[in-house]
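Undergrad: Any chance you could fold what I've pasted below:
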Amino acid sequence: MPRTFFRDASTFRPIAIGYGSCIAADRITVDGAQVGYLYRETPDHPADSGWRFFAGDESDEYADNPDNFGLYDVNTIANYDPLIATCLEAPFGTAFFRVDGKFVREKFEPPGEV
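TA: Predicted coordinates for the structure are as follows:
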């Protein structure tokens, strides 16, 4: 079933150009939730930035279903939530969660496959 996205791509600006691809939850791109949790793991392929974006309220069941995620350019997710641009230079093995309108680094524990 095709996704109906929360934002119109024709309104996107160049916020985070050149980072490559990422994986993001439909809670962000379809439901319009802010990014609440993000982490950067070792990339899966050369075009992969390693970034993974979640609203932070996804259940384990939701997160275990790959149909709830999409592959996007990092700039796409930055247009949904520009605050992620403050984290994008972080090295692999880094995670952040949103607290009081900013991202705070937290200990990174690699999750299972999305």
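
Undergrad: Local confidence estimate at R13?
TA: pLDDT recorded at R13 is 97.

Undergrad: Help me confirm that it comes into contact with N79.
TA: Yes. Counting by C-beta atoms under 8 Å, N79 is a contact partner of R13 at 6.4 Å. (Each C-beta comes from the backbone N, C-alpha and C, glycine too.)

Undergrad: between these two, which one's more packed in?
TA: N79 (20 against 10; other C-beta atoms under 10 Å).

Undergrad: mind checking the SS state of the more buried one?
TA: When classified by DSSP: H, G, I helix; E, B strand; the rest coil, N79 comes out as helix.

Undergrad: Okay, helices next: where are they in the protein?
TA: With DSSP state H as the criterion, the chain has helices at 26-29, 60-63, 74-80.

Undergrad: Of those helices, which is nearest L88?
TA: Nearest of the helices of the chain to L88, taken as C-beta to C-beta: helix 74-80 at 6.8 Å.

Undergrad: and that closest one, what other elements does it pack with?
TA: strand 21-25, helix 26-29, strand 48-54 (3 or more C-beta pairs under 8 Å, 6 or more residues apart in numbering; DSSP states H and E).
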